[in-house]
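**Q** Return atomic coordinates for the entry below.
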Amino acid sequence: MPSPADFATALAAMTDWRQDFHRHPELGFEEHRTAARVAALLRGWGIQVTEGLAGTGVVGTIQGRMQGRLGNRAIALRADMDALAMTEATGLPYASQAPCRMHACGHDGHTAMLLGAAEWLAAHRDRFAGTVHLVFQPAEESLGGARVMAEEGLFERFPVDAIYGLHNLPGLPLGTIAVPKGPVLASSDTWEVTFTGIGTHGAKPHLGRDATLAAAAFILGLQAIAAREVDPLGTAVVSVGHMAAGDAASPNVIPHSVFLRGTARALEEPVRTHLETRIAEIAQAVALQHRVQAAPRYIRRLGPTVNHAAQAAVMVAAATGTALAVRDDHPPITAGEDFSEFLARIPGAYAWLGTGEPAHPEGFHHNVHFDFPDAALPHGAAFWCSLVERELA
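**A** Numbers count the residues shown, from 1 in each chain. Have a look, this model is predicted:
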C-alpha cells in the first residue's frame, strides 16, 4: 500500500494547490474559483468530472482496472472546500487576499490532499478494481452543503457502497490517524427565545413586566439540563451565543423584549430530543413566573456524526497498512459536521488526521491564527490511496 514517502515528490504540487486555495478563500456556495481549479486539475489527469452539484460541488470519477477487472463496487471520498467569514492574522506570505474570508478550518488542506490522492489513483488504476468518486463538497460550515448535494441526487447519480471523510486535527500527533468508534461529532442545533413583557422607566420597574429578568432566569435554568437531567456519562451542551435587548443609549429604560439565540449539542438522538423539549419548557415556565410571554423556537440543523462499525474498521486497516500511527479510542468532540447528512443515507466513517501542535499557540480551528501544515499533506493523500486499495482490492 502507498505510504507518505510515496508522495514526497508530489508534496511541492500539493503545497502549491493548498497555499493557492488558502490565498483565495471562498465562503459556502461561493467556491467558484476553487471548484474550477479542482475540475481543471482532475480533467488534466484523465478523470471524469461532473460539476454543478449543489451549485459549486465537483465530483471526480476514477474507474480501476486491477488485473483487467473493473469491479462492481464503488466508494466515495469527501473533501470540503469552503472557508469562514474571518479576517486572517497569520501574516503568512500566502495569507488570505479576500476581506473577511479565511481558511480557518483546514478545508484548503482537505482539498489539496484529495487532489494528491486523485492524481496518484488516476496513474495507478491497475491497483484497484472498482469505482472511486471524489466528492469535493461546498458549504460545510453551517450552510448544509452535504444535505444539498444529497437532495440534488448525489447518491442516485453516483451510487456507492460506502463514503469516507477525513478532517485535520491540531494537537493530534503528525502522522496519526484517529478513527473513533461510534460517535465522532455532536449534533449541532440552534435555539431561539423571545421574552416579551411591558417596558417601563428604569426607575419605576413596578409599572412594567421585566423581560430581562425572565431572560436572566432562563439562562441560569438552561444550565440545569446538562448538569442535572442528562446522564453524567453522556454528553450535552447548551450555550447562549447572542442576546439583544434595549438600546445602549437608553440605560434608564427597561426594554419590553429580549431576544436570545444559542446552540445545543448532543451525541445521541434521545438527548438531542430532550434538549429540544426542555429548552421550550424552561422558557415557558420562566415566562409564567415573571408574568411575561415566551416564544421559543428550536431549529434542527445537523445530526450527530456516528461512524458505522464496518467502515470504521476499514479505515483502521487502511491506516495500519501505511506508515501512519493509528488510534481507535479517540473521544468524540462536541463540534458539528454536515458529513452526518451522508452517514444518515450511506454507510461510512469519518477519521481525524493528526497535524501536530500548531505553529501559533492560538492556531486551532476557527481562530485567526490557524494554518493547515503542509507537512501533513502526504499523510492524508497516502491514507486516501491506501483506503481505496483496501476497499477495492
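
**Q** can you tell me the helix or strand for the residue nearest to the spatial centre of the chain?
**A** The chain has residue 337 as the residue nearest its centroid, 3.3 Å off, counting by C-alpha atoms, centre = their mean. Element membership for residue 337 (DSSP states H and E) is empty, with no helix or strand holding it.

**Q** roughly how far apart are it and residue 132?
**A** According to C-beta to C-beta, to the nearest Å, residue 337 stands 22 Å off from residue 132. Heads up, the C-betas are built off the backbone N, CA and C, glycines and all.

**Q** Please apply the same query to residue 259.
**A** 48 Å.

**Q** what does residue 166 give?
**A** When residue 166 is compared with residue 132 (using C-beta to C-beta), they lie 14 Å apart.

**Q** out of residue 259 and residue 132, which sits in the busier spot?
**A** Neighbour count, other C-beta atoms under 10 Å: between residue 259 and residue 132, residue 132 has more, with 28 against 17.

**Q** check contacts around that one.
**A** Contacts for residue 132 were tallied using C-beta atoms under 8 Å, 6 or more residues apart in numbering; they are 61-62, 64, 74-77, 121, 388, 392.

**Q** need the helices for the stretch 1-150 of the chain, in chain order.
**A** Taking DSSP state H, counting those that start in this stretch as the test, the helices found in the stretch 1-150 of the chain are 11-23, 32-44, 107-123, 145-151.

**Q** ranking the ones you listed by burial, who's on top?
**A** Between those, helix 107-123 has the highest mean count of neighbours, a mean of 25, where neighbours are mean count of other C-beta atoms under 10 Å.

**Q** hey, where'd the helices end up in the stretch 201-350 of the chain?
**A** Counting by DSSP H, counting those that start in this stretch, the helices of the stretch 201-350 of the chain are 211-224, 269-290, 309-320, 339-343.

**Q** Figure out which of those is closest to residue 366.
**A** For those, distance to residue 366 was read as C-beta to C-beta. The smallest value, 17.0 Å, belongs to helix 339-343.

**Q** which residues sit against that closest one?
**A** Here helix 339-343 makes contact (C-beta under 8 Å, 6+ apart) with 76, 78, 140, 144, 146-147, 150, 163, 165, 185, 187, 302-308, 348-350.

**Q** let's see 6 Å
**A** In this structure, residues lying in contact with helix 339-343 by C-beta atoms under 6 Å, 6 or more residues apart in numbering are 146-147, 150, 163, 165, 302-303, 305, 350.

**Q** Nearest to residue 43 among those?
**A** The nearest one, if we look at these relative to residue 43 and count by C-beta to C-beta, is residue 163, at 22.9 Å.

**Q** quick one: the closest one is in a strand?
**A** Yes: Residue 163: assigned to a strand according to DSSP: H, G, I helix; E, B strand; the rest coil.

**Q** That one pairs with what?
**A** Assessed by DSSP bridges, residue 163 has beta-bridge partners residue 76, residue 348.

**Q** all numbers from here: first residue = 801
**A** Happy to do that; since the first residue is 801 now, the last one works out to residue 963.

**Q** For residue 875, see how far away it is.
**A** For residue 963, the distance to residue 875 (C-beta to C-beta) stands at 7 Å.

**Q** same question, residue 886
**A** With C-beta to C-beta as the criterion, residue 886 and residue 875 are 33 Å apart.

**Q** Counting neighbours, go ahead and name the busier of those two.
**A** residue 875 (24 against 18).

**Q** and the more buried one, what is it in contact with?
**A** Residue 875 neighbours (C-beta under 6 Å, 6+ apart): 960, 962, 1191.

**Q** and which of those is nearest residue 917?
**A** Nearest to residue 917 among the contacts of residue 875, counting by C-beta to C-beta, is residue 1191 at 13.0 Å.

**Q** What residue, apart from its backbone neighbours, is nearest that closest one spatially?
**A** Leaving out its chain neighbours, the residue that sits closest to residue 1191 by C-beta to C-beta, 6 or more residues apart in numbering is residue 875, at 5.1 Å.

**Q** returning to that earlier point: turn the helices of the stretch 1001-1150 of the chain into TSV, columns for mean pLDDT and distance to residue 1129.
**A** Below are these laid out as TSV (pLDDT from 0 to 100; distance: least, C-beta to C-beta, whole Å):
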stretch	mean pLDDT	distance to residue 1129
helix 1011-1024	97	30
helix 1069-1090	98	22
helix 1109-1120	97	11
helix 1139-1143	98	20
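
**Q** Most tightly packed of those helices?
**A** helix 1139-1143 (a mean of 24).

**Q** Distance from it to the middle of the chain?
**A** 10 Å (C-alpha atoms, centre = their mean, to the nearest Å).

**Q** repeat for stretch 1181-1192
**A** So, by C-alpha atoms, centre = their mean, the centroid of stretch 1181-1192 is 22 Å from its chain's centroid.

**Q** Would you mind extracting the C-alpha trace of that stretch into CSV?
**A** Provided in CSV are the C-alpha atoms of stretch 1181-1192 (Å, rounded to 0.1, in the frame of the first residue of the first chain):
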residue,chain,number,x,y,z
ALA,A,1181,-3.1,11.6,0.4
ALA,A,1182,-1.4,8.3,1.3
PHE,A,1183,-4.2,7.4,3.6
TRP,A,1184,-6.8,8.0,0.9
CYS,A,1185,-5.0,5.8,-1.6
SER,A,1186,-4.5,3.1,1.0
LEU,A,1187,-8.2,3.2,1.8
VAL,A,1188,-9.1,2.8,-1.9
GLU,A,1189,-6.8,-0.2,-2.3
ARG,A,1190,-8.2,-1.8,0.9
GLU,A,1191,-11.8,-1.3,-0.2
LEU,A,1192,-11.5,-2.1,-3.8
